[in-house]
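J.: Turn this into a model:
(2 chains)
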Amino acid sequence: MTQRVEEVPFEPRSAYRRRSGRISEIKYSLYLARKNPLVLSGSVLAIGSILIAALSGIIVDPRSWAFQYPPRYYCWNNPWINWHLQNIKPCPPGTPFYPLGADAFGRNLLNMIILGLPIDLQISFSIVISAFAIGVALGAVAAYAGGLIDEAVLRITDVFFAFPGLVLALVLVAVFGRNLTILTLAVLVVWWPLYVRLTRSQILAEKEKPYAEALKAMGAGRLRILFLHIIPNSIYPVIVQATLDIGGVILTFSSLMFLGFAPSPLTPELGKLVSDGISFVSQAPWLVIFPGLAIVLVALGFNLLGDGIRDILDPRLRR
Amino acid sequence: MKLYEYVIRRLVLMVFVLLAVSVIVFVITRGVPSPTYALAPYITPRMTDPQKLQTAVGLGIAEPSCPSWVDFTQSAPGCITPLYVQYFSWLKQVLSGNWGNSVIPSIGVGQSTWGLFVARFPYTAELAVAAALITVLFALPMGIVSATHNNKVPDHFSRIVALVGYSMPVFWLAFILQIIFVIYLTLTIHGNTFGLLPSSQTVGTDCALCIPNPGNINTYTGAPILDAILSLNPAYFWDALLALILPAITLAFSTLGALTRIVRSSMMEALRQDYILLARSKGLRERTVIYRHALKNALLPAITITGLILATLLGGAVVVEEVFSWPGVGQAALDASLFLDINFLELYTLVTALIIVVANLGVDVLYAFIDPRIRY
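T.: Have a look, this model is predicted:
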């Protein structure tokens, strides 16, 4: 039985009614982010490392990387940690303070880590952004076009998935030499198929929704529908994966550097610092511990951030 | 379609994928701008120019009608065999089993590439299987505990452990473990200081927990632990086990996080289902509900990932083998890339690609067997 107009209760515009839309969704996401300890700690670590990397030229004198001092003795000047090791001679009173220790050439390890951080972060950001761009574009076009293009892109990603992580990078570096571009390309080639697959599965689900059909009925071109409407709606899991992958790429890249494929002997990259320190590991273990700890903290920050973003964007936990 | 039709279709696809992988590797290693690149390990400075040209012709890179070595290096027309001709002759040679001789100094000079690979593969297999076993052994309980005590202390603990393991570089963890167990934790016996676990060997003989003279074994499979079991030598088995612990834990730690996460999410998904509510309302013990009902359904994605993990470990243990000097295939591949042994690199790439594709296929077929809802 239909209600008459007078019987429908009048709902005033209540203060709790939220307008729907992208801005309020973003505000809600930021509110959830403030409450989530994962995102908070992850973003502290991640943004902290980016800040340190960006300001590394100001914090630390880049010339301190060069071989300034003649090879002397190991100097451990930190009063809070005593390593109880045999071959350490005490620092003379005039030596500057080494919070994390020094290596065999007298270089301050903290300085070296701060100088090495921007290299890692720059390269991993460029790799992830390139893989993201290529993967999303290719996957979206393949999923939306369907048919032969879809098959072809799927087979190509199958071929690249068959290469395990470091193998193709080894081959590429062996053949093309050791400059930074080749290293970046070597890692990029391994990471991009994941984004193609992920985007493709998201868009395959998204393009069947009614609004895509409505847009086509309104006369929008296919490219416009794809890039302006479908991709922004389906891109959140891919963004989560990209954030997680920043940490993963840092690990892969520093592993490559550790194995000895550094472009020049003077790159203060974190993996290379570890590999330089392993010949002194029984006498000066801090040379191995602290650069690796820096890598762990950076990767941990981005992994926490990615996990936290995934928790925030999980539709079952919102509202 | 039936299961066997699906398998046959996937096998045919597998052959094409492997061919594509071989083309890619071939083009990368031999199609590089300079034709003398692939010849680098075979040409010594003391060879005369005609000798160098003969080597190039023998390797199939130069045409016999090339007038001189200088013409070849300057890529004169008619001197370099076209890449597709090189590829097909390489394919014919490889399919008949001839992968050439290895040029890696100190491990492979004079040995055939295939022989070197086969000699080293059991070590890598042993390491990968041990790491996969440790991963499964730790990740399953952690994932189940995480899912059943959701958002409480055990959940947070195992999530943190998984996350930290996932964020650690493998080489760093390897050195931390070595610093702790070999350098720091030492026992002094008769005036000699020994670390607790052996370092950089496949069979530890000079560590505190090792048995000093383990005796000999017969080589049946090539992997030390299996050979020790088959030769009935418990001392050797103990020493091989001690040497295996650290590398296997290092490898396992990085995959532990992924597997824990997947077990946790699939268990939580399974525990949300209606039949669990029915089982609890029937009055079943919680343990029966979790293990007999929820776990069986939750294990499917975990099985998939375990198969893929095993395949990835087989191919990707390069860093661990390098750090622990484990004489496996990964360390040989690293040396091959440093000394430009292209045959070994091609063989390694193709075999690891084969393993990964076969593992994918096996896991999909297993999935179809176990889950009656999946129909191809």
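
J.: Alpha carbons of the host helix or strand of A:Ile47, as CSV, please.
T.: Assigning secondary structure by DSSP states H and E places A:Ile47 in helix A:37-54. Extracted C-alpha coordinates of helix A:37-54, given in CSV (Å, rounded to 0.1, in the frame of the first residue of the first chain):
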residue,chain,number,x,y,z
PRO,A,37,49.3,2.0,13.4
LEU,A,38,50.7,0.2,10.3
VAL,A,39,50.3,3.2,8.1
LEU,A,40,51.6,5.6,10.6
SER,A,41,54.8,3.7,11.3
GLY,A,42,55.3,2.8,7.7
SER,A,43,54.8,6.4,6.5
VAL,A,44,57.2,7.7,9.2
LEU,A,45,59.9,5.3,8.0
ALA,A,46,59.2,5.8,4.3
ILE,A,47,58.9,9.6,4.4
GLY,A,48,61.8,9.8,6.8
SER,A,49,64.1,7.9,4.4
ILE,A,50,62.9,10.0,1.5
LEU,A,51,63.7,13.1,3.4
ILE,A,52,67.1,11.9,4.5
ALA,A,53,67.8,10.9,0.9
ALA,A,54,66.7,14.3,-0.5
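
J.: Just name whatever secondary elements that helix is in contact with.
T.: helix A:22-35, helix A:109-145, helix A:286-313 (3 or more C-beta pairs under 8 Å, 6 or more residues apart in numbering or on different chains; DSSP states H and E). The way it works is simple: take the backbone N, C-alpha and C, and place the C-beta from them, glycine included.

J.: Now with 10 Å, please.
T.: helix A:22-35, helix A:109-145, helix A:236-258, helix A:286-313, helix B:153-167 (3 or more C-beta pairs under 10 Å, 6 or more residues apart in numbering or on different chains; DSSP states H and E).

J.: Does chain B have contacts with the longest one?
T.: By that I understand helix A:109-145. No. Judged by C-beta under 10 Å from any C-beta of the partner chain, helix A:109-145 stays clear of chain B, getting no closer than 10.8 Å.

J.: Nearest spatial neighbour of A:Asp103, chain-adjacent residues omitted?
T.: Using C-beta to C-beta, 6 or more residues apart in numbering or on different chains and skipping the chain neighbours, the partner closest in space to A:Asp103 is A:Leu287 (5.5 Å).

J.: Same check on A:Arg310?
T.: Per C-beta to C-beta, 6+ apart, closest to A:Arg310 is A:Val240, 4.5 Å.

J.: now the stretch 201-319 of chain A, which segments are flagged as low pLDDT?
T.: Counting by pLDDT under 70, the stretch 201-319 of chain A shows low-confidence ranges at A:315-319.

J.: Just want the residue of it that's nearest chain B.
T.: A:Gly292 (3.0 Å; C-beta to the nearest C-beta).

J.: Show the pLDDT at residue 137.
T.: Picked chain A for this. pLDDT for A:Ala137: 91.

J.: please go with chain B instead
T.: 92.

J.: Next, the contact list for it, please.
T.: B:Ala252, B:Leu256 (C-beta atoms under 10 Å, 6 or more residues apart in numbering or on different chains).

J.: which ones are touching the most centrally placed residue in chain B?
T.: The centre of chain B sits closest to B:Leu314, judged by C-alpha atoms, centre = their mean, with a distance of 1.7 Å. B:Leu314 sits next to A:164, B:121, B:124-125, B:127-129, B:131-132, B:328-330, B:351-352, B:355-356, B:359 when contact means C-beta under 10 Å, 6+ apart.

J.: The residues you listed in helices, which ones?
T.: Judged by DSSP state H, helices contain the following of the contacts of B:Leu314: B:121, B:124-125, B:127-129, B:131-132, B:329-330, B:351-352, B:355-356, B:359.

J.: what subset of those residues is also close to chain A?
T.: Among these, chain A is touched by B:Gly330, B:Thr352, B:Ile355, B:Ile356 when using C-beta under 10 Å from any C-beta.

J.: sorry, back to before: which of the residues in the helix holding A:Ile47 are buried?
T.: A:Leu38, A:Val39, A:Gly42, A:Ser43, A:Leu45, A:Ala46, A:Ser49, A:Ile50, A:Ile52, A:Ala53 (16 or more other C-beta atoms under 10 Å in any protein chain shown).

J.: OK, contacts around the last one?
T.: In other words, A:Ala53. A:Ile114, A:Leu115, A:Gly116, A:Leu117, A:Pro118, A:Ile119, A:Asp120, A:Leu121, A:Gln122, A:Phe125, A:Val298.

J.: Just the closest of the residues you listed to chain B, please.
T.: Distances from chain B to those, taken by C-beta to the nearest C-beta, are shortest for A:Val298, at 8.5 Å.

J.: separation between the closest residue to that closest one other than its chain neighbours and B:Leu354?
T.: Distance criterion C-beta to C-beta, 6+ apart; nearest residue to A:Val298, sequence neighbours excluded, is A:Ser49 at 4.6 Å. Counting by C-beta to C-beta, to the nearest Å, the gap from A:Ser49 to B:Leu354 is 39 Å.

J.: circling back to that earlier point, which members of the ones in helices among the contacts of B:Leu314 are classed as buried?
T.: The buried subset of the ones in helices among the contacts of B:Leu314 (16+ other C-beta under 10 Å) comprises B:121, B:124-125, B:127-129, B:131-132, B:329-330, B:352, B:355-356, B:359.

J.: For B:Ile80, give me phi and psi.
T.: Per-residue torsions, B:Ile80: phi -100, psi 130 (degrees, to the nearest 10).

J.: any idea of the pLDDT on the closest residue to A:Leu297 other than its chain neighbours?
T.: Spatial nearest neighbour of A:Leu297, chain neighbours left out: A:Leu45 (5.9 Å); criterion: C-beta to C-beta, 6+ apart. We have a pLDDT of 89 for A:Leu45.

J.: Just give me the neighbour total for B:Ala252.
T.: 23 (other C-beta atoms under 10 Å in any protein chain shown).
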